[in-house]
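Asks: Fold the stuff below for me.
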Amino acid sequence: PLTTSIIEVGMSRAQNIKYSDALSGLLEVVVEGESEEKEVTKLTAVTYCQQIVNHLSLIGHEGDSSKLDELMTFLTEGDFSEDKVIIFSRFRKMVDIIMDQLKKKKIKSCRITGSEDEDQRDESQKLFQNPDSGVNVICITTAAAEAVNLQAAKALVFFDTPWSAGDYIQLLGRMIRIGSVHDRCHAIHLVAKGTIDSRVMEVLNRKMALVEQVIGKRIKGDDKDDDVQIDSRNEISDLFEALKQDARKSK
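Replies: Have a look, this model is predicted:
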């Protein structure tokens, strides 16, 4: 009962320029109104590239985001516009941006990130789980990856995808739980083609047999340990190597 699908989007010219800069090893970012030249290492390249693909404002620059536009279309005109939907991003600031757009679109929503206290987290969970609340969208970061029940959701939209299968399983576990009212759930990935998004999906796809095995046990109630721990070092290492390949191709 889990269907995985990909929605491919492009990047603006400004995004492509900054993305190339990040891969070349030197990137201009704006912090509190001040422009800074940042040396991009193997460790920081992954984060900077993901931020640029998501939205330029994550590195302090102005610009549009095809991902954000596609997400708003998905929520207002797509097949799940009347359903309960979870939106995930690794970045709290991205959640801030998404929440602002949802407000402009008059879409009732709530959130669980590291910025909310326990009472606020509980309230958001209750609003989303309540079929009569009118709140059909909840935005989360990895702060909601454990001990949060969101099985009212029919779909989980990954604005960006976790780097490891362990994190991915934990997030799916918020939606795929005993007590779900849906015959089938959906994992939908927004992917900027030819970027870090595609590379992350390649790494994750190699782990999908493991993902399906763990999720299958959870659906049946055989998985007694909700906090599945999977070594993520190899996935991240693979991702670094893939980005280096991209950097060599761009020269």
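Asks: nearest spatial neighbour of Pro1, skipping sequence neighbours?
Replies: Distance criterion C-beta to C-beta, 6 or more residues apart in numbering; nearest residue to Pro1, sequence neighbours excluded, is Arg184 at 4.6 Å. Quick note: C-beta positions are derived from backbone N, CA and C, even for glycine.
Asks: what sits against that neighbour?
Replies: 1-3 (C-beta atoms under 8 Å, 6 or more residues apart in numbering).
Asks: before we move on, what about Glu77?
Replies: Counting by C-beta under 8 Å, 6+ apart, Glu77 has no contacts.
Asks: how near is it to Leu102?
Replies: 14 Å (C-beta to C-beta, to the nearest Å).
Asks: what comes up buried for the helix or strand encompassing Leu75?
Replies: For Leu75, the host element (DSSP states H and E) is helix 66-77. Buried residues in helix 66-77, counted by 16 or more other C-beta atoms under 10 Å: 66-68, 70-72, 74-75.
Asks: what's the answer for stretch 123-138, then?
Replies: Buried residues in stretch 123-138, counted by 16+ other C-beta under 10 Å: 124-125, 127-129, 135-138.
Asks: what do you get for stretch 55-66?
Replies: Buried residues in stretch 55-66 (16+ other C-beta under 10 Å): 55-61, 63, 65-66.
Asks: What ranges in the stretch 101-250 of the chain fall below the confidence cut-off?
Replies: Residue ranges of the stretch 101-250 of the chain with pLDDT under 70: 178-180, 209-212, 214-237, 240, 244, 247-250.
Asks: mind listing the helices for it?
Replies: 118-129, 165-175, 196-205, 208-220, 233-250 (DSSP state H, counting those that start in this stretch).
Asks: how far does the shortest one sit from the chain's center?
Replies: Helix 196-205 has its average C-alpha position 12 Å from the chain's average C-alpha position, going by C-alpha atoms, centre = their mean, to the nearest Å.
Asks: what sits up against that helix?
Replies: 6, 46, 49-50, 53, 160-163, 165, 168, 189-192, 211, 235, 238-239, 242-243, 246.
Asks: do that again at 6 Å, thanks
Replies: Identification of contacts with helix 196-205 by C-beta atoms under 6 Å, 6 or more residues apart in numbering yields 49-50, 53, 161, 191, 235, 238-239, 242.
Asks: want to try a markdown table for those, with distance to Phe91 and neighbour count as columns?
Replies: As requested, those are exported to a markdown table (distance: C-beta to C-beta, whole Å; neighbours: other C-beta atoms under 10 Å):
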| residue | distance to Phe91 | neighbour count |
| --- | --- | --- |
| Cys49 | 13 | 25 |
| Gln50 | 8 | 23 |
| Val53 | 11 | 28 |
| Thr161 | 13 | 25 |
| Val191 | 16 | 21 |
| Glu235 | 19 | 22 |
| Asp238 | 22 | 17 |
| Leu239 | 17 | 22 |
| Ala242 | 21 | 17 |
